[in-house]
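Participant: Okay, here's the prediction I keep looking at, along with the sequence it came from:
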Amino acid sequence: MPTDTLIAVLVCFQVKHFVADYLLQTSWILRGKGDMHSPGGYAHAGLHAIGSLPVLAIAGLGLIPIIVLAAAEFVVHYVIDFGKAKLSAQTHCGPTTRLYWAMHGGDQMLHQLTYVAMLYAAIRLMAAP
């Protein structure tokens, strides 16, 4: 994958993440992240997966690898957010505590590492004979 494409894909993942995590989250989505019976967490993970479809297309992948990687992102994103919601509920810490920000930062780091893994998979798939 050319360096320019690699950088473009990383930038697009960052923009997509900001939009899905900060601009498109409604209160019902936020409330639903720690409850497997609530649609909020699924809707949020779905927004991320759908947002990754054009990003993965920019990477030059075919339809099947794009669908597989987006589905994997859906599952991983849901699990990360579900775990953070459960941990947050147990700790009862708010945005004025170090623990809150440590959990928020850890959550965001795991999402960013997911993009690194997706990009790595895309590079490997493109290099496969």
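Facilitator: Done, it's in. Only a predicted model underlies this, so the values are computations on that prediction, with no experimental measurement involved.

Participant: okay, T91: pLDDT?
Facilitator: Per-residue pLDDT puts T91 at 91.

Participant: I misspoke; the intended subject was Y120.
Facilitator: 94.

Participant: do you know how far it is from G62?
Facilitator: Distance, Y120 to G62, by C-beta to C-beta, to the nearest Å: 17 Å. C-beta: built from backbone N, CA, C; applies to glycine.

Participant: cool, and D35?
Facilitator: Taking C-beta to C-beta, one finds D35 at 36 Å from G62.

Participant: Looking only at neighbour counts, state which of the two leads.
Facilitator: D35 (14 against 11; other C-beta atoms under 10 Å).

Participant: tell me the secondary structure for the more buried one?
Facilitator: coil (DSSP: H, G, I helix; E, B strand; the rest coil).

Participant: Who are the contact partners of it?
Facilitator: By C-beta atoms under 8 Å, 6 or more residues apart in numbering, the residues touching D35 are G41.

Participant: least trustworthy helix or strand in this protein by mean pLDDT?
Facilitator: helix 27-32 (a mean of 91; mean pLDDT, DSSP states H and E).

Participant: which helices and strands sit right next to it?
Facilitator: For helix 27-32, the elements it packs on are helix 39-58, judged by 3 or more C-beta pairs under 8 Å, 6 or more residues apart in numbering; DSSP states H and E.

Participant: distance of the residue nearest to L110 when sequence neighbours are not counted from T96?
Facilitator: Spatial nearest neighbour of L110, excluding adjacent residues (C-beta to C-beta, 6 or more residues apart in numbering): I80 at 4.9 Å. As judged by C-beta to C-beta, I80 and T96 stand 23 Å apart.
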